[in-house]
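# let me see the structure of the following:
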Amino acid sequence: MKAKIYLTYKEGILDPEGNAVKRALKSIGFNSVDTVQFGKYIEMTFTGVSKEEAEKLTDEACRKLLANPNTQSYRFEVAEQ
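Okay, the predicted model is just below:
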């Protein structure tokens, strides 16, 4: 099993990287860009567990370590490799 985890800033949290990239894009002619949001992508692999158990473990890892609940949201998908 492989979990693909996506972390992003919550609505209203300042994203300095996203703002810098947005300004840079506009400076080179991408004037229709309204927002840019940066995040993180994490992969975890599991052996010997069901999809349901991998989902449970992934959610627990996100809640306990990978995501900051004050500033970040997360979503994930678990699938066979």
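
# which parts of the chain are helices?
16-27, 51-61 (DSSP state H).

# now those as a markdown table including mean pLDDT and mean neighbour count?
In this view, the C-beta of every residue, glycine as well, is placed from N, C-alpha and C. Formatted as a markdown table, those follow (pLDDT from 0 to 100; neighbours: other CB atoms under 10 Å):
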| stretch | mean pLDDT | mean neighbour count |
| --- | --- | --- |
| helix 16-27 | 97 | 13 |
| helix 51-61 | 98 | 15 |
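
# residue 67 is nearest to which of the ones you listed?
helix 51-61 (9.0 Å; CB to CB).

# check which helices and strands the closest one sits against.
strand 2-9, strand 72-79 (3 or more CB pairs under 8 Å, 6 or more residues apart in numbering; DSSP states H and E).

# quick one: low-confidence ranges for this structure?
Of all residues in the chain, none has pLDDT under 70.

# ok so, going back, of all the helices and strands packed on helix 51-61, which gets the most neighbours per residue?
Ranked by mean neighbour count, these are led by strand 2-9 with a mean of 17 (mean count of other CB atoms under 10 Å).

# got the angle between it and strand 72-79?
Angle of strand 2-9 versus strand 72-79, following axes from the mean of the first three to the mean of the last three CA atoms, to 10 degrees, is 160 degrees.

# ok, strand 2-9: who's next to it in the sheet?
strand 39-45 (antiparallel), strand 72-79 (antiparallel) (DSSP bridges).

# hmm, residue 61 is touching residue 44, no?
Yes: counting by CB atoms under 8 Å, residue 61 does reach residue 44; the two are 7.0 Å apart.

# using CSV, please lay out the strands paired with strand 2-9 together with distance to residue 57.
Putting the strands paired with strand 2-9 into CSV (distance: least, CB to CB, whole Å) gives the following:
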stretch, distance to residue 57
strand 39-45, 8
strand 72-79, 9
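
# and stretch 28-38, what's buried?
The neighbour-count check on stretch 28-38 (16 or more other CB atoms under 10 Å) flags residue 36 as buried.
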